[in-house]
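1. Return atomic coordinates for the entry below.
(one chain, ligands or ions: 1)
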Amino acid sequence: MTALPLPTGTAPAAAPRRRVVDAPTRVFHALFALSFLGAYLTAESERWRALHVTLGYTMAGLLAFRLLYGLFGPRHARLGALLRKLAGAPAWLRSTWQAVQAGQWQALTARPGQNLLMSAAVATLLMLVLPLTLSGYATYNDWGDVFEEVHEFFGNALLAAVLVHVGLVLGLSLLRRQNLAAPMLSGAVAGPGPDLVKKPHRGLALLLMLAVLAFGAWRWQLAPQGLVPGWGAAGPAFAQPGGDEDDD
Ligand code: HEM
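-> Alright, predicted model coming up:
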């Protein structure tokens, strides 16, 4: 069958899409995930310590932003929704237990359980950042060896939570035959219906990005060797050569 030509001046109708994640949440997510990745990769090396510490502070700052946005931001970004989902855990456990006793094992993997698991992973990610950065601060300021152990414990706990989180996103995407990661990048899902997010709040997202960049620039000029070894204040051409002093 041949497609009929559109009348001149008529654009083809775009496939319907619904806005479900706003720009500040997406920028927060990207910066939070990248800061974690960078901090984890630089954790063992003395040479990269300034960058590691800066990324740790960045995560703490991003957490503060997310908590404030979750308290005072628009309804769709409220952290109260996350807490309400988690508060439903006892009721879910009770009903699932009854279903399992009646031989309905599929209740274990049904959608309410999947959503609960995802919310629990997200809450764990957010909650681990405070003890992680506080113990990191204590370690950096030599408050005692015990803080180093505590910091390492929380670093590994956060890595485990990230692996569970990413595993859930991948696993549930396969199960539901739907790319669940895409809305965290594009902000939208395909399909008709009302937008969950009325305004994208791009200005606030830009402000958050600029604040993180400004903090990074400030930390860079504070650090005697800069944040990236070989790229100190004098630039790469003047950087002092030196071996990696990994402390492991
Ligand atoms: C490939 C990597 C990742 C993908 C595809 C991904 C994807 C997602 C998705 C789809 C959500 C929404 C979950 C929901 O429906 O409730 C989400 C939320 C979240 N993710 Fe990730 N994520 C990734 C890595 C990370 C990392 C490394 C971290 C932290 C270190 C992280 C922290 C979070 C947090 C805190 C939220 C809640 C966001 C909010 O509501 O403000 N993610 N992620």
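2. Show me where this protein dips below the pLDDT cut-off.
-> Filtered on pLDDT under 70, the chain yields the residue ranges 1-12, 232-248.
3. Show me which helix runs longest in it.
-> In the chain, taking DSSP state H as the definition, the longest helix is helix 145-176.
4. quick one: it near the ligand?
-> Yes: using C-beta under 6 Å from any ligand atom, helix 145-176 comes into contact with the ligand via 162, 165-166, 169. In this view, the C-beta of every residue, glycine as well, is placed from N, C-alpha and C.
5. From the contact counts, what lies against that helix?
-> Here helix 145-176 touches helix 23-41, helix 111-140, going by 3 or more C-beta pairs under 8 Å, 6 or more residues apart in numbering; DSSP states H and E.
6. Can you tell me the centre-most residue of the chain?
-> Centroid-nearest residue in the chain: His29, 3.8 Å away (criterion: C-alpha atoms, centre = their mean).
7. list the contacts for that residue?
-> Residues near His29 by C-beta atoms under 8 Å, 6 or more residues apart in numbering: Met184.
8. Name the next helix or strand downstream of the longest helix of the chain, please.
-> Using DSSP states H and E, the helix or strand that follows helix 145-176 towards the C-terminus is helix 182-186.
9. where does the chain come near the ligand, residue by residue?
-> 25, 28-29, 32-33, 36, 66, 118, 122, 125-126, 162, 165-166, 169, 180-181, 184.
10. on that earlier part again, only whichever of the residues of helix 145-176 next to the ligand are buried, select them in PyMOL.
-> Only the buried members of those end up in this PyMOL selection, burial being decided by 16 or more other C-beta atoms under 10 Å:
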select buried, resi 162+165
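11. Nearest to Pro224 among the residues of helix 145-176 next to the ligand?
-> Set against Pro224, the nearest of these by C-beta to C-beta is Val162 (31.6 Å).
12. wait, isn't that closest one in contact with Ala39?
-> No: applying C-beta atoms under 8 Å as the test, Val162 and Ala39 come out as separate, 11.4 Å apart.
13. Tell me, how many residues neighbour Leu55?
-> Each residue near Leu55 was counted by other C-beta atoms under 10 Å, and the total is 24.
14. got it, and Ala161?
-> 20.
15. Please tell me how far it sits from Leu117.
-> Here the distance between Ala161 and Leu117 works out to 12 Å (C-beta to C-beta, to the nearest Å).
16. And Ser35, by the same measure?
-> Distance, Ser35 to Leu117, using C-beta to C-beta: 24 Å.
17. can you check Leu210 too?
-> Applying C-beta to C-beta to Leu210 and Leu117 gives a distance of 35 Å.
18. does Gly230 count as helix, strand or coil?
-> coil (DSSP: H, G, I helix; E, B strand; the rest coil).
19. isn't Val189 right up against Val21?
-> No: using C-beta under 8 Å, Val189 makes no contact with Val21, being 9.0 Å away.
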